[in-house]
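In: Provided below for reference: sequence and predicted model.
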Amino acid sequence: QEELVRNVLVEFMSKLSNNNGFSDPNMGWSSSSLPCKDNWRGITCDQTKVKYIVLDGFGFSGFLDARVLCNEQSLAESLQILSLKDNSIHGENLDEIANCSQLTQLLIGGNQFSGSLPNSISQLKNLKSLDISRNKFSGPLPDLPEISDLEAFLAQNNQFTGAIPNFDYSELSLFNVSNNNFSGEIPDRGIHFDIRSYLNNPQLCGAPVSNKCRSSLASESEPSAPPDKPKDGISNDQILMYSGYILIGLAVLFLILIWLYKRGKKNDEKLEADNRVAAVDDSIIKPSFSTVELKAREISKSGISTISADQSMVSSSLIVLTSPEVNGLRFENLLKAPAELLGRGNHGSVYKVKCEAQGMTFAVKRIKDWTISSHDFKQRMRRLDQVKHPNVLPAIAFYSSRQEKLLVYEYQPNGSLFRLIHGNQSDQAFDWESRILVASTIADTLVFMHDQLYYDGIAHGNLKSSNILLNTNMDPLISEYGLMVVDNQDQSIVASVNSFQASGEKFKEDVYAFGVILLEMLTGKMALNNGLDLDSWVLAVVREEWTVEVFDRNLIGQGASEEMMVNLLQVAIKCVNKSPQARPSMNQVALMIRGIKDDDDDRSTDVSGLSIITR
Ligand SMILES: Nc1ncnc2c1ncn2[C@@H]1O[C@H](COP(=O)(O)OP(=O)(O)OP(=O)(O)O)[C@@H](O)[C@H]1O
């Protein structure tokens, strides 16, 4: 069977690459080896079944021939993820993709696909993510709302026309149709997404775009003409009466406008006065990233406050960034409150500080002698404050002087992932379901921070298990995001477009660090020496043969599936590849983990959320 699949894949590759295949024979993809057994590059298997084909950014310029790929039954029935993003491929027999009926992710963004998207795509009932963005697709979209589980639909930068189908927007967490030629009214529930999902479709109308639809314009401009009465049937008296009403209406409107104007002026004056005491300039206040999956903490304008009369960031004032609850927090409050040392890391110490006045407990990170200038520090904090994600712990406030920098975070009472893995095992059992859920949540969060902010992605720069905290619901929160990342991200947005390539390396460092976290979760062993010791140990054990020796005894004791652990270990090993270029992107990693998690969920029907058993 595997040989049959091998032959299909070899043909698929020869079409994809215009008969060039992978030039490096070590990549596999040849008739003399087997895809699963010989670990072909880009292929992930479940034993002998090919589950994921991920070949993003390989520069292929041939054809995706869906007939070749999806007409071999066993492959069509096992393949769950097909990701060919950022190549230059065209489509062939694309309508036969429907035979790959188990696909959950079809990701072909950033290629040369053209013509219309075949109707048969809507038969892919298991599909959760469809990325067809940045191609040359044209014509109307098929009836995609038929795919009821679709969570992500990315179709931006194509030439699609016609109406936007009426998706079930409550299911979608990512949606983008900008830069097309869609026309007509945005479906009612489409306001679920903000204007960035619809940009540059000149003929699109209705909220959230600014074009009003003709139907609503008509009803606005003719409010008083009863549609069922012919015009010539209106008597002069009626005309006079209506004119009277209109005049009275206009007079009332005029009075209201004057009142609003006066009130607005008063508010402006008040706002100006408020702004005089606000140390954070308005550009810091950016609306939270409002895709729906991000139930990000809201920043309200009234939530911005300051405690210092000193306006300049270069000065030594405490700058409160986001949280309305800490209005009035002063540097003195922090200094006077009882502080307990939580730990010392490579970059400073963290104190737990309980401020009675605010009724809150903070974790204050104190970094001494950090050479970053106050200006750069301010820029960095400003940029980080612009990005909100529910699994990224935002700084509440910060303080900057030449000698030291302070960062104030909300204290997280359930400690860190490090403590959960390596802490006293008799207190807490960190079971497999919890581990895979944490892994997949962190991976998805990193994808958002790396990729989905478009050109403006941010790397973490110091990712490790002690920087993953657990909130009261035991949801993981990534702390100190972007704080220690080496600069080139502190420039303006334009500059950061240029620095995107340079920061690509930083993203691959995050991928490595994430791989080390996976290894910690799988083995229960500590990562020393930046993870190098752990990664060499794991590789040494695995090189001999795949063995359960490598896994955390607690996991084995709890009866976690060895097969799932091996799958996750394969992902971890890909992440810690010595060569940054050979490491997968965070997006690929997240896809692989989601696939493992989906399988796991299918197996255990009664898993509901993070189930950390606490005695
Ligand atoms: N907001 C917080 N709530 C609760 N504990 C926290 C918080 N922030 C940090 N900690 C904990 O404080 C301890 C010290 O953190 P610190 O960041 O100094 O160490 P580190 O992460 O090992 O090193 P680094 O300086 O490289 O980040 C860690 O155990 C960390 O989990």
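Out: Done, it's in. None of the values given here were measured: they were computed from a predicted structure. Numbering: from 1, shown residues only.

In: Mind telling me which residue of the stretch 451-600 of the chain is nearest the ligand?
Out: Residue nearest to the ligand within the stretch 451-600 of the chain: residue 466 (3.7 Å; C-beta to the nearest ligand atom). For glycine as for every other residue, the C-beta is placed from the backbone atoms N, C-alpha and C.

In: if I pick that residue, what's in contact with it?
Out: Contact analysis of residue 466 by C-beta atoms under 8 Å, 6 or more residues apart in numbering lists 343, 345, 416-419.

In: Could I get the pLDDT score of it?
Out: Predicted confidence (pLDDT) for residue 466: 92.

In: For residue 422, see how far away it is.
Out: 10 Å (C-beta to C-beta, to the nearest Å).

In: swap in residue 377?
Out: Residue 377 sits 32 Å away from residue 422, going by C-beta to C-beta.

In: So which of those two has more stuff around it?
Out: Using other C-beta atoms under 10 Å as the criterion, residue 377 and residue 422 rank with residue 377 on top: 21 against 17.

In: Please, which helix or strand holds that one?
Out: Using DSSP states H and E, residue 377 sits within helix 374-385.

In: That helix - contacts with which helices or strands?
Out: Packing partners of helix 374-385 (3 or more C-beta pairs under 8 Å, 6 or more residues apart in numbering; DSSP states H and E): strand 397-400.

In: quick one: average pLDDT of stretch 124-142?
Out: Taken as a whole, stretch 124-142 carries a mean pLDDT of 93.

In: Quick one: end-to-end length of it, please.
Out: Distance between the two ends of stretch 124-142: 12 Å, counting by C-alpha to C-alpha, to the nearest Å.

In: buried residues in that stretch?
Out: Using 16 or more other C-beta atoms under 10 Å as the test for burial, stretch 124-142 gives 124, 127-135, 137, 140-142.

In: now for those residues, which pair is the farthest apart?
Out: Of all pairs drawn from these, the one with the longest distance (C-beta to C-beta) is 128 and 140, at 22.7 Å.

In: re the thing from before, as a markdown table, the contacts of residue 466 with pLDDT and neighbour count would be great.
Out: Listed next are the contacts of residue 466 as a markdown table, based on pLDDT from 0 to 100; neighbours: other C-beta atoms under 10 Å:
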| residue | pLDDT | neighbour count |
| --- | --- | --- |
| 343 | 85 | 11 |
| 345 | 78 | 16 |
| 416 | 93 | 22 |
| 417 | 94 | 25 |
| 418 | 92 | 19 |
| 419 | 90 | 17 |
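
In: Please list which of those residues also come close to the ligand.
Out: Counting by C-beta under 6 Å from any ligand atom, the subset of the contacts of residue 466 that neighbours the ligand consists of 343, 345, 416.

In: Distance-wise, check the first one relative to residue 406.
Out: For residue 343, the distance to residue 406 (C-beta to C-beta) stands at 16 Å.

In: For burial, what's the neighbour tally of the closest residue to residue 508 other than its chain neighbours?
Out: Closest residue in space to residue 508, ignoring its immediate chain neighbours: residue 580 at 3.9 Å, by C-beta to C-beta, 6 or more residues apart in numbering. Close neighbours of residue 580, defined as other C-beta under 10 Å, add up to 14.

In: So which bits of the stretch 451-600 of the chain are right by the ligand?
Out: Proximity of the stretch 451-600 of the chain to the ligand (C-beta under 6 Å from any ligand atom) is limited to residues 462, 466-467, 469, 479-480.

In: Reformat those as CSV; add secondary structure.
Out: Putting those into CSV (DSSP: H, G, I helix; E, B strand; the rest coil) gives the following:
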residue, secondary structure
462, coil
466, helix
467, helix
469, strand
479, coil
480, coil
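
In: In CSV: those residues, plus distance to residue 437.
Out: As requested, these are exported to CSV (distance: C-beta to C-beta, whole Å):
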residue, distance to residue 437
462, 23
466, 19
467, 18
469, 16
479, 18
480, 22
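
In: biggest separation within those, which pair?
Out: The widest separation within these (C-beta to C-beta) is 13.7 Å, between 462 and 469.
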